[in-house]
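this one's structure only:
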């Protein structure tokens, strides 16, 4: 029942109420959301990048400003409009945004050096999604995911945010070792070799997954 409720919540959060995303993300993370998202940047390789689930477009804005060739994909038209407005406000009128699903990426084989995704829902490790990502990566391409974060601070707001993140599934209650094992198995089955990084930032622990094509094909 809780799982169905969360699916309903996230669907409406990304669609009908997408305009509240930045406010809600900042509120529940106690202002750390963008700091967490930025932890993926050092692990991006190459210049041709696909962001799956671009949300309101913060990484799009940042990477375009760095002259990266970044494409954004999101199945939510509302998120697409939010990102378009953000980029135009920042003066980025040359943008590449696509409304599509991750399970069927509308790009040619071997298009991207890096595919990245921050705080995706469970679709990101679905075998169909992983197969699509594997296909569009170059032979030495990299897949970078930020799936979870744990708030570790002991202040009242930290503990309240940590409780909320457990309820929503952003901080799984099972151990990090079990999470890594599950993700690693799914990635290996899809043809990836994965590494994991945990980053301590502002009284929180961010989990990153860095996966490369196992066979380099």
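Here it is on my side, so go on. Not measured: the values here are computed from a predicted model.

Please identify the helix or strand for the residue lying closest to residue 109 once chain neighbours are set aside.
Leaving aside its chain neighbours, residue 109 sits nearest to residue 135 (5.4 Å; criterion: CB to CB, 6 or more residues apart in numbering). No exception for glycine: its C-beta is placed from N, CA and C like everyone else's. Assigned by DSSP states H and E, residue 135 belongs to helix 127-136.

So which bits of stretch 145-164 are buried?
Residues of stretch 145-164 classed as buried: 145-151, 158, 161-162 (neighbour count, 16 or more other CB atoms under 10 Å).

And stretch 102-113, by the same measure?
For stretch 102-113, by 16+ other CB under 10 Å, it's 102, 105, 107, 111-113.

do the same with stretch 78-97
Those would be 78-84, 86-87, 92, 95, 97, for stretch 78-97 by 16+ other CB under 10 Å.

My read is that residue 144 contacts residue 114, right?
Yes: using CB atoms under 8 Å, residue 144 is in contact with residue 114, at 6.2 Å.

Spell out which residues are contacts of both of those two.
residue 44 (CB atoms under 8 Å, 6 or more residues apart in numbering).

what's the burial count for residue 191?
Residue 191 has 18 neighbours, counted by other CB atoms under 10 Å.

so where do the helices sit in the protein?
Taking DSSP state H as the test, the helices found in the chain are 2-14, 21-28, 33-38, 58-65, 77-89, 127-136, 156-168, 176-189.

now residue 186, nearest residue through space, not along the chain?
residue 125 (4.9 Å).

no no, residue 145
Counting by CB to CB, 6+ apart, residue 145 lies nearest to residue 209, which is 4.3 Å off, once chain neighbours are set aside.

any low-confidence regions in the chain?
For the chain, applying pLDDT under 70 flags the ranges 1-13, 168-171, 173-175, 215-217.

center of it - which residue?
Central residue check for the chain by CA atoms, centre = their mean: the C-alpha nearest the mean position is that of residue 118, 1.7 Å away.

what residues are up against the residue nearest to that residue when sequence neighbours are not counted?
Counting by CB to CB, 6+ apart, residue 146 is the residue found nearest to residue 118 once chain neighbours are left out, at 4.3 Å. Contact analysis of residue 146 by CB under 8 Å, 6+ apart lists 36-37, 39-40, 117-119, 206-209.

re earlier: buried ones in the helix holding residue 135?
Buried residues in helix 127-136, counting neighbours by 16+ other CB under 10 Å, are found at 129-130, 132-134, 136.

Include distance to residue 64 when you put the contacts of residue 146 into CSV, please.
Shown next, in CSV, are the contacts of residue 146 (distance: CB to CB, whole Å):
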residue, distance to residue 64
36, 20
37, 15
39, 19
40, 16
117, 18
118, 16
119, 20
206, 23
207, 26
208, 22
209, 24
